[in-house]
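Enquirer: Please find the sequence and the predicted model below.
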Amino acid sequence: MDWYDANRRSLPWRKTRDPYKIWVSEIMLQQTRVAAVIEYYERFLKTFPDITALARADEQDVLAQWSGLGYYRRARMLHAAAKQLATQKMPRSAAVLQELPGIGRYTAAAIASIAFGEPIAVVDGNVERVLSRIARSGSLDFWAATQGLIDHDRPGDFNQAMMELGATVCLPKNPLCGRCPVKQSCGTRGEHKTDRPPTRKKSTIGYVLATNRDSIALVQRPANARLMPGMWELPESKRVLQSVPLLSVRHSITTTDYTINVWRGRAPKGSVQLKVAQAAKLPLTGLTRKILRRLSLLRD
DNA sequence: GATACGTGGAA
DNA sequence: TTTCCAAGTAT
């Protein structure tokens, strides 16, 4: 705790104890880097400052705020949970929080401890790595272990301290053991073996850029699409339209590394012609946002 | 218990 | 250029 008090990073969600804001931060931080979250966090809360504002928003507008952050199911579930809570108060215990969509064991414990002071420990990737190294054990009940260590006076800070240690010192690859406050207790001095992530498939796809003055043709992904349902993107092109693409970019989406060629062409059937300024307000996929940015059709 | 879900940036 | 992710959850 002393180490945390002296070394904690200043982060936007550490300036508040508003349960809603803590909740939003925890959802955004799931499998997502702090650096990527900060900007989205600030903008999201400006647009949806409280649960009521989020609950009455259209899903498309919620997704638009999330556009580019990834794992869009998180935004849908956050929105769904906000609607559920519109008529009741925010649950104050991890057990009840976990009943809400998008809130699992980790997030429930994080919100309950940080916002409400419940003495319940979290286990995330950081905590697992820290405990694994200290214990030099592959078979450890992380939840029981960290629950046994928790600071009952400051459970939220304790949880954040464990994660902060993993995120800034007990790094996956080159841990900074010299800076570690518990190196005397550590059984491994930072050794750690991780499973190699599965090799990703490679695929090449084409998109059509059909612009007309200040408008552009986009399509909305089907509501039942497995990947990014309801989000907007450029129309796909089934074949090569010119000898050289207007733009070629690489982009990875979960399990596939894509090479994307963008061809200038006519708006296909089923596409919608939209002013670029309007398109910018839609929930575009990250890839589409990237392409339009590269082509200077969007700012950022 | 696997697997799918997105993305941009560091190494 | 390629690898490896990052404060998990739902199915």
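Expert: All right, it came through fine. As the structure is a prediction and not an experimental result, all values here were calculated from the model. Numbers count the residues shown, from 1 in each chain, chains lettered A, B, ... in the order given.

Enquirer: Check the closest residue to DNA strand B within the stretch 201-300 of chain A and give its pLDDT.
Expert: For the stretch 201-300 of chain A, the residue positioned closest to DNA strand B under C-beta to the nearest atom of the strand is A:Gly286, at a distance of 2.2 Å. For glycine as for every other residue, the C-beta is placed from the backbone atoms N, C-alpha and C. Per-residue confidence for A:Gly286 comes out at a pLDDT of 97.

Enquirer: quick one, what contacts it?
Expert: With contact taken as C-beta atoms under 8 Å, 6 or more residues apart in numbering, A:Gly286 is in contact with A:Ser67, A:Gly68, A:Leu69, A:Gly70, A:His251.

Enquirer: swap the cut-off to 6 Å and go again
Expert: Under the criterion of C-beta atoms under 6 Å, 6 or more residues apart in numbering, the contact partners of A:Gly286 comprise A:Gly68.

Enquirer: helix/strand/coil for A:Gly68?
Expert: Three-state assignment for A:Gly68 (DSSP: H, G, I helix; E, B strand; the rest coil): coil.

Enquirer: What count of nearby residues applies to it?
Expert: Other residues lying near A:Gly68 total 19 when counted by other C-beta atoms under 10 Å.

Enquirer: Enumerate the residues of the stretch 1-150 of chain A near DNA strand B.
Expert: A:Gln31, A:Thr32, A:Arg33, A:Ala35, A:Ala36, A:Gly68, A:Leu69, A:Gly70, A:Tyr71, A:Tyr72, A:Arg73 (C-beta under 7 Å from any atom of the strand).

Enquirer: What about those residues, which are in helices?
Expert: Among those, the members falling in helices (DSSP state H) are A:Ala35, A:Ala36, A:Arg73.

Enquirer: overlap between the residues you listed and the residues near DNA strand C?
Expert: Okay, of those touching DNA strand C (C-beta under 7 Å from any atom of the strand), that's A:Arg73.

Enquirer: returning to that earlier point: please check the residues of the stretch 1-150 of chain A next to DNA strand B and keep the buried ones.
Expert: Neighbour counting over these (16 or more other C-beta atoms under 10 Å) leaves A:Gly68, A:Leu69, A:Gly70, A:Tyr72 as the buried ones.
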